[in-house]
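>>> predicted model follows, preceded by the sequence.
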Amino acid sequence: MAFSISSSSSSSSSIACCAPPRCVSRACRCGTCLDAFIATSTSPPPSSSSAHAAPSRLAPLTTPFARRSVAIAVDSHARQHQTLSVLQEMEFDVVVVGAGIIGLTVANRILEETRFSVVVVDAKRPCAGATGAGQGYVWLNHRNPASKTWGLAHRSKLLWEQLVADLADAGSDPLSAIGWQNTGSLLVANSVEEARGLQAHVGAMATAGVDAEFLTASELQKIEPSLKVGHEGGAAFVPGDSQIDAALAVEFFRKRNLAYRVEGRYMELFDSPVEELYRSSADGSIEVVQTSRHKLRSREAVIVAAGAWSPNILTRAAQEWRLPLIPPVKPRKGHLLVLEGLPSLKINHGLMEFEYTANYTTAHSTQCSQPEDVSTPSLVTDPTVISHDSFRVAMTASTDKSGRLLLGSSREFSGFSTAHHYEAIEGILSRASEYFPALKDISVEDVLEKQTIRTGLRPYDLNCCSVWRCAACWTSAWG
């Protein structure tokens, strides 16, 4: 399961829906809600919430970080009867729903650039979703400079590079801290048609200011001797692309965030699924998040960054309030194989077959008119790409900081199931062995018994765009 650690994954969308009641203009449709939120949040948070009207069904709290256990009538999941539960009420400036890489980095920026308090809440734990099964690509190579998401991806990459520079300036090792490897990227073509498409892609990248070059099959062989492509093939090479270790990056940002606990400004609430959202009676904004154990009141913003689970969180509230809050997203499962003990196979760069970009659309996503990030849509018809009624596979390969081979990638619509799919694993191995002959003797049984398999659910957007939206942007929805 490959994805670039940016504002959107390479095959799907990140989901970050903001509901700031006061700090972001309701006319904002530019996708920079967090920037606006940070820019208007330079003063310390208020010491009291008394100036704000209480949300419906919740008594107002009167002090920051107020905590109290009270008996509240809570609807059962089926809404067939009411049960009396004891929920702990707490108040923060910002409530972030989702402890993946996006939720944690958003929380970190708010903590570092404002005086606001932040709570991060998640139904599970960090790396339990898409983040934990990601390949960690910080890439531009597989993206189309003419696409809507180009600016977002480009800025995200710059932010990661700035973080790496800051770590180096502080005497820290980026490789140890976040698994940063500036290996460069290779988008690989296996036919003359794909090679022509990559040449055009390289030209577009160069025009957009990206250092990129086309490598012939013989040139590619010199820098990746383990890789086999057809003699008419080649690759788009972007030396500035990098990768991280997602698990290390998550722990890095968690550690940074947890440092603010001593100031009373940060808290994590894991294994706490969101059950209800409450609106403010004053302006209709989302102001309270109820989990299975807590009622979390936000003075400034609620940020939903729950990936594939974001629609579930927002659907009930949207239906009850008749608001267009539901992103057009469904979960798409991916497998990532983590293979150890392969001394005969050495990979020097992050790799991805050009056909990977074809998988942005499948028969399961007919609402999307064309691939968002495919430079040459006419080339996405390679019949050799493994396809099944329920999944597709294309080759991605890299090595992590420990030298383990990370091999992907599959795409499968199977609801919220994260169970291992035998045929998908078999497909990944089969496709990879066409590019790396050293893998031909590895069986699915070997992987299941001796290796690690990660699965996660990408938030696949049916409109093929990233979702970063301020709930206050829907001005007509608030009535």
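Perfect, I can see it now.

>>> low-confidence bits of the stretch 51-200 of the chain, can you list those?
Scanning the stretch 51-200 of the chain with the threshold set as pLDDT under 70 gives 51-85.

>>> show me where it has its helices.
Assigned helices in the stretch 51-200 of the chain, in chain order: 101-113, 150-169, 174-178, 192-207 (criterion: DSSP state H, counting those that start in this stretch).

>>> and for the stretch 201-350 of the chain?
Counting by DSSP H, counting those that start in this stretch, the segments of the stretch 201-350 of the chain that form helices are 217-223, 246-258, 310-321.

>>> got a list of contacts for the first one?
Think helix 217-223. Identification of contacts with helix 217-223 by Cβ atoms under 8 Å, 6 or more residues apart in numbering yields 186, 188, 215, 227, 229-235, 348-349. To be clear about C-beta, it is placed using only N, CA and C from the backbone, and glycine gets the same treatment.

>>> just flag the most distant two among the residues you listed.
232 and 348 (22.5 Å; Cβ to Cβ).

>>> contacts only, for residue 317.
If you count contacts by Cβ under 8 Å, 6+ apart, then residue 317 has 276-277, 279, 286, 323, 325 around it.

>>> scan those and report the most crowded one.
Compared across the contacts of residue 317, residue 286 has the highest neighbour count, 28 neighbours, by other Cβ atoms under 10 Å.

>>> so how far is residue 270 from it?
With distances taken as Cβ to Cβ, to the nearest Å, residue 286 is found 21 Å from residue 270.

>>> next one: residue 347
Looking at residue 347 against residue 270, where the rule is Cβ to Cβ, the gap reads 34 Å.

>>> can you pull the poorly scored residue ranges out of the stretch 201-350 of the chain?
Residue ranges of the stretch 201-350 of the chain with pLDDT under 70: none are present.

>>> the strands in it, which residues?
Listed in chain order, the strands of the stretch 201-350 of the chain (DSSP state E, counting those that start in this stretch) span 213-216, 234-238, 242-243, 266-269, 274-279, 286-291, 294-304, 329-339, 350-353.

>>> re earlier: with distance to residue 422 added, can I get the helices of the stretch 201-350 of the chain in TSV?
Formatted as TSV, the entries for the helices of the stretch 201-350 of the chain read as follows, by distance: least, Cβ to Cβ, whole Å:
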stretch	distance to residue 422
helix 217-223	32
helix 246-258	25
helix 310-321	28
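
>>> between those helices, which gets nearest to residue 177?
In terms of Cβ to Cβ, the element of these nearest to residue 177 is helix 246-258, at 5.4 Å.

>>> for that closest one, name the packing helices and strands.
For helix 246-258, the helices and strands in contact under the criterion 3 or more Cβ pairs under 8 Å, 6 or more residues apart in numbering; DSSP states H and E are helix 101-113, helix 174-178, strand 266-269.

>>> among those, which is nearest residue 294?
strand 266-269 (6.3 Å).

>>> alpha carbons of the closest one, in CSV - could you do that?
Only the C-alpha atoms of strand 266-269 are listed here, as CSV (Å, rounded to 0.1, in the frame of the first residue of the first chain):
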residue,chain,number,x,y,z
TYR,A,266,-2.3,18.6,25.0
MET,A,267,-4.1,15.3,25.6
GLU,A,268,-4.5,12.0,23.7
LEU,A,269,-7.7,9.9,23.9
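
>>> picking that back up, among the helices of the stretch 51-200 of the chain, show me which one is buried the most.
With neighbours taken as mean count of other Cβ atoms under 10 Å, the helices of the stretch 51-200 of the chain reach their highest mean count in helix 101-113, at a mean of 22.

>>> how far is it from where the chain is centred?
14 Å (Cα atoms, centre = their mean, to the nearest Å).

>>> where does the stretch 351-479 of the chain dip in pLDDT?
Flagging of the stretch 351-479 of the chain using pLDDT under 70 yields the residue ranges 358-390, 463-479.

>>> how about the helices in it?
Under DSSP H, counting those that start in this stretch, the stretch 351-479 of the chain gives helices at 422-435, 444-450.

>>> could those be laid out in TSV, adding mean neighbour count and distance to residue 258?
Compiled in TSV, the helices of the stretch 351-479 of the chain are given as follows (neighbours: other Cβ atoms under 10 Å; distance: least, Cβ to Cβ, whole Å):
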stretch	mean neighbour count	distance to residue 258
helix 422-435	20	36
helix 444-450	13	35
